[in-house]
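In: Coordinates for the following, if possible.
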Amino acid sequence: MPEPGTTIAGAGAVTKALTAIKDFPLWLLTAIALFLVACPFVPVLSAAVPQEARKFVILGAGAFTILAVCRLGSLVISATNKYRADREARRTFHLTPTTQRSWWCPTRQNDGTIEPPSKGRYARR
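Out: Presented below is the predicted three-dimensional model:
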């Protein structure tokens, strides 16, 4: 058992490998997961896998399936956020007064309040 505060030899390599696998594209994660899922069921592939390694193939299939589903979820969430931002940008518009044809003048109302009306032309951006 390693002492607290010390690093295990090879932990950095495992972390780098997991980070690289996590960043694989969705199609590659799906292909690896499907291959590992098919290994125990296809007779030709099943014969090539030793009995001792079958549990690791099944664990790998589960891990790559989870990674593929998470990557798909990440892509769906980012596409949804982009769609919402684009929709909000289309919905929002800005009015800019054309200075040559606009005037601003506060006027006193009958009840004593002052209202700042504006008249003019606006450019929509």
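In: from here on, contacts and neighbour counts on C-alpha atoms
Out: Fine.
In: where does the protein dip in pLDDT?
Out: Scanning the chain for pLDDT under 70 picks out 1-10, 95, 97-104, 117-125.
In: Tell me where it has helices.
Out: Here the chain has its helices, by DSSP state H, at 11-22, 26-38, 43-48, 54-91.
In: Just want the angle from the longest one to helix 11-22.
Out: Translated: helix 54-91. If you take axes from the mean of the first three to the mean of the last three Cα atoms, to 10 degrees, helix 54-91 sits at 60 degrees to helix 11-22.
In: Break this structure into its domains for me.
Out: 11-92, 94-125 (automatic domain parsing).
In: Pick the most buried one from these.
Out: Among the domains of the chain, ranked by average contacts under mean count of other Cα atoms under 10 Å, first place goes to domain 11-92 (a mean of 14).
In: Please state the offset of that domain from the chain centre?
Out: Counting by Cα atoms, centre = their mean, to the nearest Å, domain 11-92 is centred 15 Å from the centre of its parent chain.
In: check contacts around Arg71.
Out: By Cα atoms under 8 Å, 6 or more residues apart in numbering, the contact list for Arg71 reads Pro25, Leu26.
In: That one and Thr30: what is the separation?
Out: 10 Å (Cα to Cα, to the nearest Å).
In: One more: Val69?
Out: 9 Å.
In: tell me the phi and psi of Pro50?
Out: Dihedral pair for Pro50: phi -60, psi 150, per degrees, to the nearest 10.
In: Could you measure from it over to Val76?
Out: From Pro50 over to Val76 the distance is 38 Å, taken as Cα to Cα.
In: Please apply the same query to Gln51.
Out: 38 Å.
In: same thing with Leu18?
Out: 22 Å.
In: ditto for Phe93
Out: 28 Å.
In: Same check on Glu115?
Out: Distance from Glu115 to Val76, by Cα to Cα: 49 Å.
In: likewise His94?
Out: Distance of His94 to Val76, computed by Cα to Cα: 30 Å.
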